[in-house]
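Q: A structural model of the following input is requested.
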Amino acid sequence: MNILVFSWRDPKHPLAGGAEQVMHEHMKGWVGAGHNVTLFSSYYLGSKQEEILDGIKIIRRGDQYFGVRLAGYSYWRKNKNNYDLVIDQFHGIPFFTPLYVKKPILAVLQEVAREVWFLNELPQPFKWVVGVLGYLLEPLIFVFYKKVPFMVGSNSAMTDLVEMGIAQNNITVVPHGVIIKKPEPLPEKEKISTVVFLGALTKDKGVEDALKAFAILDKNGRFQFWVIGKGSTEYQNYLKRLCRKLDIQDKVKFWGFVSQEEKFDLLARAHLLINPSVKEGWGLVNIEANAVGVPVVAYNTAGLIDSVKAGVNGLFSSSNTPQSLAEKGQKLLENRDLYSDLAKKAIGWSSQFSWQSSIKKSLTLIVGII
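A: I've put the predicted structure just below:
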């Protein structure tokens with residue numbers, strides 16, 4: 001098949017995250033199975049307008065918010081006879097392909113945004129306006145997709161879609177795989193209890209709550225805190241100001257973007273991952289930490305309830321607050337038997353998720369749609 005994928009970001013975009021990584025792995029699998037895949041995405045400063053990545057042809061046009069969607073529509077009008085299947089990837093706002101594509105469509109969604117709309121980084125009053133409009137208008141978007149099959153990565157995402165009016169029998173859950181670059185042998189743990197946050201530095205990922213939880217832990221023992229991930233320069237500067245306000249600036253290290261190898265080396269040296277994300281499609285970072293024997297303490301939110309199993313690979317905070325997150329984290333680190341048990345089980349839990357299995361399921365899905 002000739003497959004066209006619409007997505008607001010490609011995996012090389014400076015702000016690309018888990019959703020882009022997931023889509024890229026599926027596309028690589030489809031190319032490996034003999035299909036031709038074109039990814040139409042946004043242009044960013046310094047990027048090439050066209051290039052080949054892992055056998056996938058990437059075309060970049062327009063900005064990531066609205067320009068790419070208009071450019072995508074224009075590209076389709078000129079090239080619609082060249083493709084057999086269109087993938088419409090949601091990230092808050094989809095590409096509205098049912099309005100102009102008459103060929104088979106598959107919608108790919110990581111999570112329904114809902115309250116995440118209010119956590120945008122725009123200045124006031126735009127932040128409030130976008131938040132309210134996004135929250136109120138998002139359910140209307142799905143009206144256009146009533147007859148379109150969906151692929152999601154978790155039961156949480158499926159539940160949210162059903163609440164948006166999409167029939168459950170039109171939704172296929174394809175669990176994500178995980179790419180592990182486990183160091184061999186595993187490095188020794190840090191001598192100081194090390195608590196890590198891993199993810200995009202954005203409000204919806206909960207990094208501010210992570211820093212507040214760090215500050216609470218810092219008052220109750222000897223810790224060091226690592227923040228691994230990238231974000232806008234403005235927001236990173238805000239987070240560093242927050243650290244000074246919380247008086248933990250000397251205890252927190254911002255690693256920024258790191259390679260896969262360095263990421264797993266850091267995770268293996270740490271003792272605990274905390275994940276206060278507001279909403280996830282699944283929670284890939286939890287599985288990455290588990291793969292090197294690191295348990296997770298997480299908020300009890302959509303997506304995280306799929307990737308974290310209490311008493312198996314981690315614990316949930318009693319309430320979705322930094323105080324509760326810190327309390328559960330300290331409990332886990334102080335109880336050596338509990339910690340050892342979860343660390344061992346975490347490795348077993350993470351071994352269930354492979355891209356080989358996920359790609360096999362997504363291939364079956366796209367062939368079935370055609």
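Q: lowest-pLDDT helix or strand in the protein?
A: One helix or strand of the chain scores below all others by mean pLDDT, DSSP states H and E: helix 126-141, with a mean of 78.
Q: After that one, heading C-terminal, what element do we hit next?
A: strand 150-152 (DSSP states H and E).
Q: helices or strands up against the very next helix or strand once past that following strand?
A: Moving toward the C-terminus from strand 150-152, the next helix or strand (DSSP H and E) is helix 155-163. Packed against helix 155-163, as judged by 3 or more CB pairs under 8 Å, 6 or more residues apart in numbering; DSSP states H and E, are the following elements: strand 150-152, strand 171-173, helix 304-307. C-betas here are computed from N, CA, C, even on glycine.
Q: ok, now with 6 Å
A: With contacts taken as 3 or more CB pairs under 6 Å, 6 or more residues apart in numbering; DSSP states H and E, helix 155-163 sits against strand 171-173.
Q: Just the buried positions in the strand it packs on, please.
A: Neighbour counts over strand 171-173 (16 or more other CB atoms under 10 Å) mark I171, T172 as buried.
Q: Name the residues that touch it?
A: Strand 171-173 is contacted from outside by F150, M151, V152, M158, L161, L365, using CB atoms under 6 Å, 6 or more residues apart in numbering.
Q: Narrow those residues to those that are buried.
A: Judged by 16+ other CB under 10 Å, buried ones among the contacts of strand 171-173: F150, M151, V152, M158, L161, L365.
Q: In those residues, find the pair that's most separated.
A: The span of the buried ones among the contacts of strand 171-173, defined through CB to CB, is set by L161 and L365 at 15.2 Å.
Q: With distance to A268 added, can I get the contacts of strand 171-173 in a markdown table?
A: What follows is the contacts of strand 171-173, written out as a markdown table (distance: CB to CB, whole Å):
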| residue | distance to A268 |
| --- | --- |
| F150 | 36 |
| M151 | 32 |
| V152 | 30 |
| M158 | 33 |
| L161 | 36 |
| L365 | 35 |
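Q: got the residues you listed as CSV, with pLDDT and distance to L304 columns?
A: Output for the contacts of strand 171-173, formatted as CSV (pLDDT from 0 to 100; distance: CB to CB, whole Å):
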residue, pLDDT, distance to L304
F150, 98, 21
M151, 97, 20
V152, 96, 15
M158, 95, 15
L161, 93, 18
L365, 97, 25
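Q: Among those residues, find me the one that's closest to I228.
A: Of these, the one sitting nearest to I228 (CB to CB) turns out to be V152, at 26.2 Å.
Q: Quick check: beta-bridge partners of that closest one?
A: Residues in a beta bridge with V152, per DSSP bridges, are L109, V173.
Q: I'd guessed it sits against E111; true?
A: No - using CB atoms under 6 Å, V152 is not in contact with E111; the gap is 8.2 Å.
Q: so where's the protein uncertain?
A: 114, 116-117, 121-122, 126 (pLDDT under 70).
Q: Domain map for it?
A: Following automatic domain parsing, one gets these domains for the chain: 2-177+354-369, 193-350.
Q: Select, out of those domains, the one closest to P187.
A: domain 193-350 (5.2 Å).
Q: Straight-line length of the closest one, end to end?
A: Using CA to CA, to the nearest Å, one end of domain 193-350 lies 23 Å from the other.
Q: Now do stretch 295-315: distance from first to last residue.
A: OK, stretch 295-315 end separation, CA to CA: 8 Å.
Q: Report the buried residues of it.
A: Quick answer for stretch 295-315 (16+ other CB under 10 Å): 295-299, 301-309, 313-315.
Q: which residues are in contact with that stretch?
A: 111, 154-156, 273-276, 279-283, 286-287, 289-290, 316-317, 320, 328-329, 342-343, 345-346, 349.
Q: Take those residues and keep only those in helices.
A: 155-156, 286-287, 289-290, 328-329, 342-343, 345-346, 349 (DSSP state H).
Q: May I see those organised as TSV, with distance to G72 and neighbour count added?
A: TSV is the format used below for those (distance: CB to CB, whole Å; neighbours: other CB atoms under 10 Å):
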residue	distance to G72	neighbour count
N155	30	16
S156	28	24
N286	32	30
I287	32	23
A289	35	27
N290	37	30
K328	44	20
G329	43	27
L342	44	25
A343	45	19
K345	44	18
A346	40	26
W349	38	20
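Q: Quick check: closest non-adjacent residue to the residue nearest in space to the middle of the chain.
A: Nearest to the centroid of the C-alpha atoms of the chain, with distances taken as CA atoms, centre = their mean, sits G18, at 3.5 Å. Using CB to CB, 6 or more residues apart in numbering and skipping residues adjacent in sequence, the residue nearest G18 is L284, 4.7 Å away.
Q: ok, so what distance separates the one you found from V308?
A: Plainly put, L284 is 12 Å away from V308 if you go by CB to CB, to the nearest Å.
Q: Next, count neighbours for V143.
A: Residues within reach of V143, counting by other CB atoms under 10 Å, total 10.
Q: and it, how far is that from A157?
A: V143 is 18 Å from A157, by CB to CB.
Q: Between the ones in helices among the contacts of stretch 295-315, which sits nearest E115?
A: S156 (13.7 Å).
Q: quick one, what contacts the closest one?
A: A302, G303, D306.
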